[in-house]
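K.L.:
sequence plus predicted model, see below.
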Amino acid sequence: MHSPQQLGAYCLNAFTRAVPASLAAFYRINDGLSAVDFQLHGDPARMHENYLRRYRHLDPLQPGYCQRLERGVVSLRDAQRLQSKQRNNGYQTFLSQHDVVDVTEVLFYRHRRPVMGMSLLRQSRFGRFTRQELDILQSLQEMLQLTVTATPLENAPVSLTQRESQLVPLLRAGASNKVMARELGVAPSTIKSHLDNLYCKFEVNNRTELVGRL
């Protein structure tokens with residue numbers, strides 16, 4: 001039986017070999033329908049950090065939106081119909097900053113709720129996903145859906161980015177945002193963004209609960 005991390009690595013490899021993608025991310029979906037525990041492919045770390053810090057709330061391919069479509073494969077074009085033009089324009093600004101021309105989401109479900117997903121991003125050198133490529137992704141999704149159903153999620157270890165790992169001892173020591181920002185040489189607003197992501201990953205609501213989980 002695969003662990004979620006093994007399954008993520010397998011999916012990233014299998015899907016990007018079948019349908020070329022510039023960047024990709026595999027993730028778990030928590031009970032609040034938020035993507036957590038990201039595994040990245042294609043060195044999108046800088047883009048991913050920018051996404052979490054400033055643009056995540058504008059993403060039309062968030063699990064909560066995708067669930068409404070009840071599909072295993074969701075194109076950016078279809079997802080954009082679920083939110084306002086203003087929000088779509090804001091998200092498009094983010095994609096353009098990183099030369100991304102198209103995004104497709106692959107979702108895996110349990111009891112009609114998405115529990116794992118993968119983002120596949122295309123930069124201009126690849127162009128947009130074709131109908132044939134989306135059909136290939138759909139076929140792969142259907143084959144791997146059975147594996148996801150058999151994969152344990154409840155006790156999956158939480159994976160941290162390098163910066164989040166640096167925050168752990170400071171959080172345990174009770175350091176304030178200002179102190180952590182000074183220690184790591186970043187702005188307090190950046191610390192807040194990292195904390196928000198940690199709250200999401202550990203499915204907690206405040207710093208006290210987070211330290212308890214850590």
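P.N.:
Sure, I can see it.
K.L.:
can we go C-alpha only for contacts and neighbour counts from here?
P.N.:
Will do.
K.L.:
quick one, longest helix in this structure?
P.N.:
As assigned by DSSP state H, the longest helix anywhere in the chain is helix 131-149.
K.L.:
packing partners of that helix?
P.N.:
With contacts defined as 3 or more CA pairs under 8 Å, 6 or more residues apart in numbering; DSSP states H and E, helix 131-149 has these neighbours: helix 4-18, strand 73-75, strand 100-110.
K.L.:
now Trp212: how far from Ile191?
P.N.:
Check again: residue 212 is Gly, not Trp. Gly212 is 19 Å from Ile191, where distance means CA to CA, to the nearest Å.
K.L.:
contact partners for Ser84?
P.N.:
Applying CA atoms under 8 Å, 6 or more residues apart in numbering to Ser84 gives no contacts.
K.L.:
hey, where'd the helices end up in the chain?
P.N.:
Counting by DSSP H, the helices of the chain are 4-18, 45-50, 63-69, 76-79, 85-97, 131-149, 162-172, 177-184, 188-202, 207-213.
K.L.:
minimum distance to Ala35: which of these has it?
P.N.:
The closest of those to Ala35 is helix 63-69. By CA to CA, the value is 7.0 Å.
K.L.:
what are the buried residues along the closest one?
P.N.:
63-67 (16 or more other CA atoms under 10 Å).
K.L.:
mean confidence score for that helix?
P.N.:
Mean pLDDT, computed over helix 63-69, is 89.
K.L.:
who touches Gln145 in this structure?
P.N.:
108-109.
K.L.:
Arg112 versus that one, what's the distance?
P.N.:
12 Å.
K.L.:
can you check Glu49 too?
P.N.:
30 Å.
K.L.:
the two - which one has more neighbours?
P.N.:
Glu49 (16 against 10; other CA atoms under 10 Å).
K.L.:
check which helices and strands the helix or strand bottoming out on mean pLDDT in the chain sits against.
P.N.:
Using mean pLDDT, DSSP states H and E, the weakest-scoring helix or strand in the chain turns out to be helix 207-213, at a mean of 79. Under the contact criterion of 3+ CA pairs under 8 Å, 6+ apart, helix 207-213 touches helix 188-202.
K.L.:
now do the same end-to-end measure for stretch 168-186.
P.N.:
The straight-line separation of the ends of stretch 168-186 (CA to CA) is 16 Å.
K.L.:
now do stretch 184-202, average pLDDT.
P.N.:
86.
K.L.:
may I see the buried residues of it?
P.N.:
188, 191, 193-202.
K.L.:
which of those sits closest to Asp37?
P.N.:
Lys201 (6.2 Å).
K.L.:
now do the residue nearest to Val103 when sequence neighbours are not counted against Arg163, distance only.
P.N.:
Closest residue to Val103 apart from its sequence neighbours, by CA to CA, 6 or more residues apart in numbering: Leu121 at 4.5 Å. In this structure, Leu121 lies at 24 Å from Arg163, with CA to CA as the measure.
K.L.:
who has more neighbours out of these two?
P.N.:
Legend: neighbour count by other CA under 10 Å for Leu121 and Arg163, higher for Leu121 (25 against 11).
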